[in-house]
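J.: Could you look at this predicted model? Sequence included:
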Protein chains: 2
Amino acid sequence: MSSYTYKLYYFNSRGRAEMIRWIFAAADVKYEDIRLDKEQWAKKKSEMPFGQMPVLEVIDGNGTSTLIAESRAIERFLIKQFNLDGETDLDCAKIDSIQEYMSDLFRKMPFFESDLQKKEKLMKEAFEGPVAKAYEIVESQVGSSKYFLGEKLTWFDLAITAGSDVLLMFNPNLFEKYPKLKKLHSTVRCHPNISAWIAKRPQTPY
Amino acid sequence: MSSYTYKLYYFNSRGRAEMIRWIFAAADVKYEDIRLDKEQWAKKKSEMPFGQMPVLEVIDGNGTSTLIAESRAIERFLIKQFNLDGETDLDCAKIDSIQEYMSDLFRKMPFFESDLQKKEKLMKEAFEGPVAKAYEIVESQVGSSKYFLGEKLTWFDLAITAGSDVLLMFNPNLFEKYPKLKKLHSTVRCHPNISAWIAKRPQTPY
């Protein structure tokens, strides 16, 4: 067990910090969920590695503080602390691999397109093309166990569920052709720790 | 020690596979470095997860084969097998964090811009802006030890060196203001296993 205490710095949104919050929730570990507004961030920015958030502050038993930037690096650190990875190195590689593929997909999504007409067209193309391809691949790898890799919850279950929540905002029919993923998504959201977090988290648009 | 045998599939280029080859070189572990031409790849593509390369085939002592796609996932798997990560979880997080930041940087580089005049302009802006900012940050974290984290070579030393090799193709003065990074780059390239690999690897333009 780690003897660290944790402070998570991000904006008042889910965004790139939500998966980190889900990891804390799944592991049932306390942390300070610090949400900065624009003014507070402007003052804090220069203290942060790379001048960006999310940042996790990790304080050890001696009071020594370490700042970790970049959501993936924070997630990976916590996954180790809380034993949320696969059980074998090959299982870890399997979910790393799919997650890298999904991250590529998310980077290509037109979430930030400001021309709304164009955004609608690009979103439709994305859901019919790369999203469909990716979900088909992941669906084909979901087995009959409770979670993706078996009976143990791993970070990948959290990632595919939190990621799907984002896509569902743009396409409520996301799971139409993917019954196994739909079931996994529902299983993870109904995990007592995750459902408790979803119920109590601050309501923000994204 | 692992009892796996390895086959790496990629094109005949450094590209997204070179860091994987450096990891094998550093660890002095044998693997088959399979380089497919376009025709061979067209036939192989459908067998590969996600239809892309690099792919690492891992064969265990019983002859069971597993395919791992996505360069980062392959790297992470091998880093574990060959003990090339940091020694503490916080050290691992430190290099994960910088590497994620550098990966964001690389994704934004105009490597694939086809308009050569535009590419030159965009490259200049990138080197003066985000590349300079990133190298300043990394330079400030290089200590006086042999390698980035101390006396032990880690995957991050390989990543920053192989990554810098790519940037040096576009800007030979990359290290002008970063003497510590210049020294680290040279130390890694002079590591006996790495320099042997650089000397014997197939000569390709990128």
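T.: Nice, thanks for sending it over.

J.: residues contacting residue A:3?
T.: Taking C-beta atoms under 8 Å, 6 or more residues apart in numbering or on different chains, we find residue A:3 in contact with A:60-61. Just so you know, the C-beta spots here come from the backbone N, C-alpha and C atoms, and that holds for glycine as well.

J.: Just to confirm, what's the three-state secondary structure of the residue located most distally from the centre of chain A?
T.: What lies farthest from the middle of chain A is residue A:62; by C-alpha atoms, centre = their mean that is 30.2 Å. Here residue A:62 is recorded as coil under DSSP: H, G, I helix; E, B strand; the rest coil.

J.: if I look at residue A:23, how far off is residue A:157?
T.: Separation of residue A:23 from residue A:157 (C-beta to C-beta, to the nearest Å): 11 Å.

J.: what does residue A:35 give?
T.: From residue A:35 over to residue A:157 (counting by C-beta to C-beta), the distance is 25 Å.

J.: what about those two, which has more around it?
T.: residue A:157 (24 against 16; other C-beta atoms under 10 Å in any protein chain shown).

J.: who does the one helix or strand the more buried one maps to touch, helix- and strand-wise?
T.: Element membership for residue A:157, per DSSP states H and E: helix A:155-168. Where contact means 3 or more C-beta pairs under 8 Å, 6 or more residues apart in numbering or on different chains; DSSP states H and E, helix A:155-168 is packed against helix A:18-27, helix A:89-108, helix A:179-189.

J.: give me the element residue A:40 is part of.
T.: Per DSSP H and E: helix A:38-44 holds residue A:40.

J.: residues in contact with that helix?
T.: Contacts of helix A:38-44 (C-beta under 8 Å, 6+ apart): A:9, A:11, A:36, A:53.

J.: could you redo the last one with a cut-off of 7 Å?
T.: Applying C-beta atoms under 7 Å, 6 or more residues apart in numbering or on different chains, the external contacts of helix A:38-44 come out as residue A:36.

J.: Within range of chain B, give me the residues from chain A.
T.: When proximity is defined by C-beta under 7 Å from any C-beta of the partner chain, chain A lies next to chain B at A:49-50, A:58, A:66, A:68-70, A:72-73, A:76-77, A:80-81, A:89-90, A:93, A:96-97, A:100-101, A:137.

J.: Quick check: can you list the domain ranges of chain A?
T.: A:5-83, A:89-190 (automatic domain parsing).

J.: Mean pLDDT and distance to residue B:110 added to those domains, as CSV?
T.: Output for those, formatted as CSV (pLDDT from 0 to 100; distance: least, C-beta to C-beta, whole Å):
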stretch, mean pLDDT, distance to residue B:110
domain A:5-83, 97, 21
domain A:89-190, 96, 16
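
J.: For residue A:163, which non-adjacent residue is closest in space?
T.: residue A:102 (6.1 Å; C-beta to C-beta, 6 or more residues apart in numbering or on different chains).

J.: Hmm, the one you found is touching residue A:164, no?
T.: No. Checked against C-beta atoms under 7 Å, the pair residue A:102 and residue A:164 is beyond contact range at 9.8 Å.

J.: Can you give the strand pairings for whichever strand in chain A runs longest, parallel or anti for each?
T.: Across chain A, the longest stretch assigned as strand under DSSP state E is strand A:5-11. Applying DSSP bridges to the sheet, strand A:5-11 is found paired with strand A:32-36 (parallel), strand A:55-59 (antiparallel).

J.: CA atoms only for it, dumped as PDB, please.
T.: Extracted C-alpha coordinates of strand A:5-11, given in PDB (Å, rounded to 0.1, in the frame of the first residue of the first chain):
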ATOM      1  CA  THR A   5      -1.500  11.700  -0.400                       C
ATOM      2  CA  TYR A   6      -2.700  13.100  -3.600                       C
ATOM      3  CA  LYS A   7      -3.900  16.400  -5.100                       C
ATOM      4  CA  LEU A   8      -5.300  16.500  -8.600                       C
ATOM      5  CA  TYR A   9      -5.300  19.900 -10.400                       C
ATOM      6  CA  TYR A  10      -7.600  20.500 -13.300                       C
ATOM      7  CA  PHE A  11     -10.300  22.800 -14.600                       C
END
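
J.: So which residues make contact with that strand?
T.: With C-beta under 7 Å, 6+ apart, strand A:5-11 has contacts from A:17, A:20, A:31-36, A:53-59.

J.: which residue sits closest to residue A:156, ignoring its sequence neighbours?
T.: residue A:95 (3.9 Å).

J.: hang on, residue A:58 packs against residue A:68?
T.: Yes. Taking contact to mean C-beta under 7 Å, the distance of 6.5 Å between residue A:58 and residue A:68 places them in contact.

J.: Tell me, how many residues neighbour residue A:156?
T.: Neighbour number of residue A:156 under other C-beta under 10 Å is 25.

J.: so what's it up against?
T.: A:95, A:98-99, A:148.

J.: Throw together a ChimeraX command that grabs the buried residues out of these.
T.: This is how ChimeraX selects the buried members of those, with burial counted by 16 or more other C-beta atoms under 10 Å in any protein chain shown:
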select /A:95,98,99,148
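
J.: which pair in the contacts of residue A:156 spans the largest distance?
T.: Across these, the longest distance by C-beta to C-beta is 10.7 Å; it joins A:99 and A:148.

J.: so how far is residue A:72 from residue A:149?
T.: Distance from residue A:149 to residue A:72, by C-beta to C-beta: 19 Å.

J.: Same question for residue A:52.
T.: Counting by C-beta to C-beta, the gap from residue A:52 to residue A:72 is 13 Å.

J.: the more surrounded of the two?
T.: Per other C-beta under 10 Å, whichever of residue A:52 and residue A:72 has more neighbours is residue A:72, with 19 against 15.

J.: SS state for that one?
T.: Applying three-state DSSP: residue A:72 is helix.

J.: Just give the number of residues close to residue A:25.
T.: Other residues close to residue A:25 by other C-beta under 10 Å number 21.

J.: No further questions, thank you.
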